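1. Pasting a predicted model and its sequence here:
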2 protein chains.
Amino acid sequence: MTNEILRQLHERKSVRVYDPDRPVTVEEKRQLLEAALAAPTAGCMCLYTILDITDQEIKDRLAVLCDHQPFIATAPVVLVFLADWQRWYDSFVAAGVDAPRTPAEGDLFLAASDAVIAAQNVVMAAQSMNLGSCYIGDVLENGEQIAELLNIPSYAMPVAMLCIGAPTQQQKLRKKPVRFPLEALVHENGYHRAGPEALATMHSARADSEKNGFPEAVLAMERRKWSSTFMAEMNRSVAAWMNRWVKGEVQG
Amino acid sequence: MTNEILRQLHERKSVRVYDPDRPVTVEEKRQLLEAALAAPTAGCMCLYTILDITDQEIKDRLAVLCDHQPFIATAPVVLVFLADWQRWYDSFVAAGVDAPRTPAEGDLFLAASDAVIAAQNVVMAAQSMNLGSCYIGDVLENGEQIAELLNIPSYAMPVAMLCIGAPTQQQKLRKKPVRFPLEALVHENGYHRAGPEALATMHSARADSEKNGFPEAVLAMERRKWSSTFMAEMNRSVAAWMNRWVKGEVQG
């Protein structure tokens, strides 16, 4: 069995270079955002806010703050997805609840899922409209500066960011990177921790040359990402976001 | 402009009652899982593991541990999505890296996004195959018991769960719950915190009767969810997951 949706789920790949001659129209952007709103949401609470970044100066700043990726500033559409309990917390107060409890870690995770689910609906909507998209995980970095730049209150936190635009011809032709085998990623009835041999087999399974196999690909990843300053910054920043969230530090 | 994907993104709604006469075939389940693997993933690292729960006794336990929802045990397909750095951490060790750094909070959030993005691809794949799905946010609760039940190692954590099966006729006819207006959920260039009047308007906008308006809907939500024992448990449990993650407490 196949169908249009399965086909496009498989075809979709990240797009980081946008055709400057093919803008995203106001109507298209509205359709992307409406697709986000159609997404599943815990208890129909819509625990997210989407920041639609249209100001070029803010895009430029985000390109710097999100690990110096200039292509961010060139994206016709930049959306930041916030996990958001501020709206409900303020609603409890507005409705007259006397000293509602403040959001905690579990609330944050639930809202983060809501936000990411909505983002992935936008990714699929974009794909269906011949638009390309790219997640920017680096929106987790430099939290204090991001919070100030985007005026983010205590009980909201950015968890995903999308750049969207029409792919250039070169991007359309780029190969989708190979995932790990299904057997490595899906376990039946419980976690089966892989031993060194199974891990080596898994990494080698997607190597397109000997130097991308095991242990080379893993060592390169450890060096380029795991030991990088940007991942250290991401960890520092998220710990600070968590602290801010739990303490409600800047609660007005 | 519309197309098949946009149409189905809007049509999709949660399904909690499954037609016992229409099982999910092995081939269908494989297609759901392959759709997950096609999802965007940070640096093509596939920072998630999917637990495919086929054992009825485990489904029964999950139905209890996830806030006592018996329908979970009746779902033909139950998938638990783990944020997972264990695979890469073990790979670093297997590749000979001397004392790699251990995962921290930012790593967890990045992996949680990967896991939820993959889950939402499964939701859309299911929709396209005339299967219904429902997220179970309550998989965040009772972490210690879930970890033991599913043999989850230190650097993995469940962040989403899906029940999947063919919808009954009654479920097909059920109305999709109304979201908040787009203007409340999408802000341009920065967060615009709504005041009491705007919040009241937002809540009333989706009320289907006076008693679902403002402040009634908000007060009911505060009482039924925000002040509930299950949300208190979710917060306790996620704080424990975070602690376990950061300390690597049961690291073998």
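-> Right, received. Where do you want to start?

2. element containing A:Thr49?
-> Taking DSSP states H and E as the criterion, A:Thr49 maps to strand A:48-53.

3. One more: A:Val64?
-> Applying DSSP H and E as the criterion places A:Val64 in helix A:56-65.

4. can that helix be found next to chain B?
-> Yes: Helix A:56-65 is in contact with chain B by C-beta under 8 Å from any C-beta of the partner chain, via A:Ile58. To be clear about C-beta, it is placed using only N, CA and C from the backbone, and glycine gets the same treatment.

5. Which strands or helices does that helix pack on?
-> helix A:71-74, strand A:77-84, helix A:143-149 (3 or more C-beta pairs under 8 Å, 6 or more residues apart in numbering or on different chains; DSSP states H and E).

6. what's the residue closest to the geometric middle of chain A?
-> A:Ala160 (3.0 Å; C-alpha atoms, centre = their mean).

7. so which strand or helix has that one?
-> Take DSSP H and E as the rule and A:Ala160 turns out to sit in strand A:156-165.

8. Just checking: what are the partner strands of that strand?
-> Strand A:156-165 sits in its sheet next to strand A:77-84 (antiparallel), strand A:132-135 (antiparallel), going by DSSP bridges.

9. Need the winner for burial among those.
-> strand A:77-84 (a mean of 26; mean count of other C-beta atoms under 10 Å in any protein chain shown).

10. Just give me how far stretch A:144-164 sits from the chain centre.
-> With C-alpha atoms, centre = their mean, to the nearest Å as the basis, stretch A:144-164 stands 12 Å off its chain's centre.

11. just to revisit the earlier point, how about the strands paired with strand A:156-165, which one is nearest B:Asn189?
-> Among those, strand A:77-84 comes nearest to B:Asn189, with 9.9 Å by C-beta to C-beta.

12. Extract the CA atoms of the strand holding A:Ala160 and return them as PDB.
-> What follows is strand A:156-165, C-alpha atoms only, in PDB (Å, rounded to 0.1, in the frame of the first residue of the first chain):
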ATOM      1  CA  ALA A 156       7.200  30.000  27.600                       C
ATOM      2  CA  MET A 157      10.300  28.500  26.100                       C
ATOM      3  CA  PRO A 158      11.500  28.000  22.400                       C
ATOM      4  CA  VAL A 159      11.700  24.300  21.600                       C
ATOM      5  CA  ALA A 160      11.800  24.300  17.800                       C
ATOM      6  CA  MET A 161      12.400  26.700  14.900                       C
ATOM      7  CA  LEU A 162      11.700  26.300  11.300                       C
ATOM      8  CA  CYS A 163      13.100  28.000   8.200                       C
ATOM      9  CA  ILE A 164      10.800  27.700   5.200                       C
ATOM     10  CA  GLY A 165      11.100  28.700   1.500                       C
END
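
13. For that strand, what is the distance to the chain centroid?
-> In terms of C-alpha atoms, centre = their mean, the centre of strand A:156-165 is found 5 Å from the chain centre.

14. Distance from the chain centre to the helix or strand following that strand, please.
-> Downstream of strand A:156-165, the first helix or strand assigned by DSSP H and E is helix A:169-173. Mean-position distance between helix A:169-173 and its chain equals 22 Å (C-alpha atoms, centre = their mean).

15. cool, and stretch A:53-61?
-> Chain-centre distance of stretch A:53-61: 18 Å, with C-alpha atoms, centre = their mean.

16. repeat for stretch A:96-115
-> On the basis of C-alpha atoms, centre = their mean, stretch A:96-115 sits 20 Å off its chain's mean C-alpha point.

17. doesn't A:Val17 make contact with A:Phe71?
-> Yes: in terms of C-beta atoms under 8 Å, A:Phe71 counts as a neighbour of A:Val17; the distance is 6.6 Å.

18. circling back to that earlier point, using a markdown table, lay out the strands paired with strand A:156-165 together with mean pLDDT.
-> Below are those laid out as a markdown table (pLDDT from 0 to 100):
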| stretch | mean pLDDT |
| --- | --- |
| strand A:77-84 | 98 |
| strand A:132-135 | 98 |
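
19. which residues of the stretch 101-250 of chain A fall in helices?
-> Using DSSP state H, counting those that start in this stretch, the helices of the stretch 101-250 of chain A run over A:105-128, A:143-149, A:169-173, A:182-185, A:196-205, A:216-221, A:229-247.
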